[in-house]
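**Student:** Quick one, structure for this:
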Amino acid sequence: MPSEVKKATSRIINTLYRDGNPDKAVLAGLRNAPTITSHRAEMVWPVIMTNLDKNQLSHAKDGTPTSEEVAVYTAIRFYAIHQQGNNDSLVYASVHSENPKGETFFGALGKLRGNEDLRVAMDRRVQPLLATTNVSGVINSLSHLVSILKSHSSAQRIDYALLAQDLYGLQRSYEQASRVRLRWGQQYYSVKQAKSEGENTND
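**Tutor:** All right, here's what the predicted structure looks like:
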């Protein structure tokens, strides 16, 4: 199931990008609709619901979104935020393709952390997120990090489909959520830090 979430997200992102001629109204709607139940999110419902299987869609009488819908919607919304102003190139790419050009979301944040001027501010945002078990809290924190990533590395290609897969796992069980947070921490902290100016590089 997680891999199906990833595949669906990839299809949706490529559909929205339309070979460099994106539907700006739909992307704007995504950016301004925090959740899949938001009014402006209705513009993207057709493409989401076409790409998800029936068993991945909400059939509850109260309309509660499924874990798949939340994961996919959140990831494509983050893609829409990052893609704004980058219409000449797609800001999404897989890290597991034959010719990987993408970066994991937290790996990209880790690269920003390599900048000594940004490290404290980055850690201040990422560390609480990695300790959070509430999905809504995680998503809210991630939305701020997307904006930071865009402002400092707008051309970076991120694997938003992989992020959707992680967001799905985050909602499945405490054990799966713990594995996702560990993986994010590994991606974030494993990036080698740049040497400070004047630091001895011969050690």
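
**Student:** can you pull out the helices in this structure?
**Tutor:** Along the chain, counting by DSSP state H, helices occupy 2-17, 24-31, 45-51, 67-83, 105-113, 116-130, 135-152, 160-170, 174-189.

**Student:** Other residues contacting the last one?
**Tutor:** Counting contacts by C-beta atoms under 8 Å, 6 or more residues apart in numbering, the residues outside helix 174-189 that touch it are 104-107, 109-110, 113, 126, 130-131, 133, 166, 169-171. Every residue, glycine included, has its C-beta placed from N, CA and C.

**Student:** That one - what's its average pLDDT?
**Tutor:** For helix 174-189, mean pLDDT rounds to 95.

**Student:** residues in contact with D166?
**Tutor:** V180, R183, W184.

**Student:** Give the PyMOL command for selecting the buried subset of those residues.
**Tutor:** Those of these that count as buried under 16 or more other C-beta atoms under 10 Å are selected in PyMOL with:
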select buried, resi 180+184
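
**Student:** which one of the contacts of D166 sits closest to M122?
**Tutor:** Nearest to M122 out of the contacts of D166 is W184 (C-beta to C-beta; 13.1 Å).

**Student:** Point out where the chain drops to low pLDDT.
**Tutor:** 1-2, 60-62, 87, 193-203 (pLDDT under 70).

**Student:** just to revisit the earlier point, which of the contacts of helix 174-189 lies closest to I76?
**Tutor:** When these are compared for distance to I76 (C-beta to C-beta), F105 wins out at 13.3 Å.
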